[in-house]
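Participant: sequence first, then the predicted structure, then my questions.
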Amino acid sequence: MDAMAEALPGFLGAVVKPTDPDYETVRRVHNGLIDKRPSLIARCRGVADIVDAVGYGRDHGLEISVRGGGHNVGGRAVTEGGLMVDLSLMKSVHVDAVNRIAIVEGGALWKDVNRETQLHGLAVTGGVVGTTGVAGLTLGGGLGWLMSKFGLALDNLRAVNLVLADGSVVRTSEGSYPDLFWAVRGGGGNFGVAASFEFNLHALGPMIMGGLAAFPPPEVRQVLRDWREMMATATDDFSSVAAMLSAPDGSGAKVVGVAACHCGPTGEAEETIKRIKSFGTVVMDAMGPIPYTALNGMLDANYPRGAQNYWKSIFLPELSDAAIDLLADAHTACPSEMGQIVLEHFHGAVTRVPLEATAFSLRSAGFNAVILGQWMGPAEQDATTAWVRATAAKLQPFAGPRRYVNYVTAEDEASTGAVAAYGPNLARLRRLKKQYDPDNLFHLNVNISPE
């Protein structure tokens, strides 16, 4: 009998070892570049399983990683030679439509949440890619189509149920463990394993206005300038992302796309969509009335499971003409057909939450630039990673001091540290880390060292 199964006879999930036939599948995360081999994978079925798994890893001196959706590009869900606490079987979503509350388990994906909440015409800010995990995205922030109207995913939390390093289970909220509730809203996985989340929901859908329009390469600079001007006066009802990418028709042609979500009055939404299409010569038009669930799955095909990913992100307080020129030239030079440069705009509700209200520190208006290296075959790896690094280095003169936690890789962490991720909230986070995880059991994250 396996040592862990023997030590934990009540464990309801599955313990997967390197010799098991499903090990190779289970150990893999979304990013195919990550190739780590845990010595054990504890596939949990409930909170008691999480408690047992954490206790076993702690007592046996194993490095612990925690996997929710497994989508994080840095691959922190996997440990080399340690114990992966795998929540991917815990995917339930319960919607209380009367009180507008969703209770979501830690292994759920955002497409799971959207499917259940939209049955009742309700929604909460979630990822722009449906296969993104709820837990990782929320604990580190939670950018999404609704963030300008309702704030980040973490701004909509009512409570988080955590398994702490000592094995205790607590429900954190404004009224219970409020200091810990503050910390997990932006502090990532530093403070425990998030078994479930409770979200406030909002009336929205099922139909909104949005989608994607694409323009040809010669017009990229003009399109980005027009998009920048539009976003300067954007209302809370409107959110948008601009991206330099390859055409989705498989031709390999480079295009600039503008993706949008408008959940306000129909007349205003139609005018906004019309304005976007006036930016240039529309070569692809998938913009108009669209189900909210479809909008959230619209980009999924661009991020296939198993593709190799190497990203860097830089927050730009302003999108100057010089920065636009740099980004346009960089995309022309991208060696991979799957490579992209994405600009995520921050405005509205996400920027009005006081900096000290949660641990999340990126509350400024501006543009989150993601240099997204993605490829399938090993032949493209060296050239694509070099392109990402070079582009990020050229963008540094335009960068603000903060970074979006969920895009910080281990390589970035070594150079920029937790200061860029947590900013002025870092000192308080360190004190709380010492209180709740003094031995830094949960360190496979953008780590906050105990004070």
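Facilitator: In hand now; what should we look at?

Participant: okay, now the domains of the chain?
Facilitator: When the chain is parsed into structural domains using automatic domain parsing, the resulting residue ranges are 11-86, 93-204, 208-412.

Participant: helix or strand for residue 387, which one?
Facilitator: helix 381-395 (DSSP states H and E).

Participant: quick one: buried residues of that helix?
Facilitator: By neighbour count, and taking 16 or more other CB atoms under 10 Å as the criterion, the buried residues in helix 381-395 are 384, 385, 387, 388, 391, 392, 394, 395. No exception for glycine: its C-beta is placed from N, CA and C like everyone else's.

Participant: what helices or strands is the helix or strand following that helix leaning on?
Facilitator: In the C-terminal direction, the helix or strand that comes right after helix 381-395 (DSSP H and E) is helix 410-422. In this structure, helix 410-422 makes packing contacts with helix 426-436, judged by 3 or more CB pairs under 8 Å, 6 or more residues apart in numbering; DSSP states H and E.

Participant: buried residues in the helix it packs on, which are they?
Facilitator: Neighbour-count burial for helix 426-436 flags 426, 428, 429, 430, 432, 433, 436 (criterion: 16+ other CB under 10 Å).

Participant: and of the residues you listed, the nearest to residue 417?
Facilitator: For the buried residues of helix 426-436, the residue nearest residue 417 by CB to CB is residue 426; the value is 9.0 Å.

Participant: tell me which residue is most central in the chain.
Facilitator: With the centre of the chain defined as its mean C-alpha position, the nearest residue by CA atoms, centre = their mean is residue 137, 3.8 Å away.

Participant: need the pLDDT of residue 40.
Facilitator: Looking at residue 40, its pLDDT is 96.

Participant: change the start of the numbering to 545 and stick with it
Facilitator: Sure, I'll start numbering at 545, so the last one becomes residue 584.

Participant: the closest residue to it other than its chain neighbours bridge partners, please.
Facilitator: In this structure, residue 584 finds its nearest non-sequential neighbour in residue 627, 4.9 Å apart by CB to CB, 6 or more residues apart in numbering. According to DSSP bridges, the residues that bridge with residue 627 are residue 584, residue 608.

Participant: so how far is residue 611 from residue 627?
Facilitator: Residue 627 sits 11 Å away from residue 611, taking CB to CB, to the nearest Å as the criterion.

Participant: tell me which of these two has more neighbours.
Facilitator: More crowded of residue 627 and residue 611, by other CB atoms under 10 Å: residue 611, with 29 against 24.

Participant: quick check: residue 840 vs residue 629, distance?
Facilitator: Applying CB to CB, the value for residue 840 to residue 629 is 27 Å.

Participant: which one's more surrounded, those two?
Facilitator: The neighbour comparison of residue 840 against residue 629 (other CB under 10 Å) goes to residue 629, with 30 against 27.

Participant: how distant is the lowest-mean-pLDDT helix or strand in the chain from the center of its chain?
Facilitator: For the chain, using mean pLDDT, DSSP states H and E, the weakest element among its helices and strands is helix 547-551, scoring a mean of 78. Computed by CA atoms, centre = their mean, to the nearest Å, the chain-centroid distance of helix 547-551 equals 34 Å.

Participant: tell me what it is packed against?
Facilitator: Helix 547-551 sits against no helix or strand, with contacts defined as 3+ CB pairs under 8 Å, 6+ apart.

Participant: could you pull out the buried residues of whichever helix or strand comes after that helix?
Facilitator: Elements were assigned by DSSP H and E; along the chain past helix 547-551, the next helix or strand is strand 558-560. Neighbour-count burial for strand 558-560, with 16+ other CB under 10 Å as criterion, is recorded at 558, 559, 560.

Participant: between those, which is nearest residue 551?
Facilitator: Compare each of these with residue 551 using CB to CB and the shortest gap goes to residue 559, at 10.0 Å.

Participant: isn't that closest one up against residue 583?
Facilitator: No - Residue 559 is not in contact with residue 583 according to CB atoms under 8 Å; the separation is 10.9 Å.

Participant: closest one to residue 986 among the domains of the chain?
Facilitator: Closest among the domains of the chain, using CB to CB: domain 637-748, at 5.7 Å.

Participant: ends of the closest one, what's the gap?
Facilitator: Distance between the two ends of domain 637-748: 18 Å, counting by CA to CA, to the nearest Å.

Participant: and for stretch 896-916?
Facilitator: With CA to CA as the measure, stretch 896-916 spans 28 Å from end to end.

Participant: surely residue 696 and residue 684 touch.
Facilitator: No - using CB under 8 Å as the test, residue 696 is too far from residue 684 to be in contact (9.5 Å).

Participant: what's the spacing between residue 820 and residue 840?
Facilitator: Noted for residue 820: a distance of 19 Å to residue 840, by CB to CB.

Participant: low pLDDT regions in the protein?
Facilitator: With pLDDT under 70 as the threshold, the chain has low-confidence stretches at 545, 792-794, 959.

Participant: residues contacting residue 701?
Facilitator: Neighbour list for residue 701: 682, 725, 729, 741, 742, 743, 744 [criterion: CB atoms under 8 Å, 6 or more residues apart in numbering].
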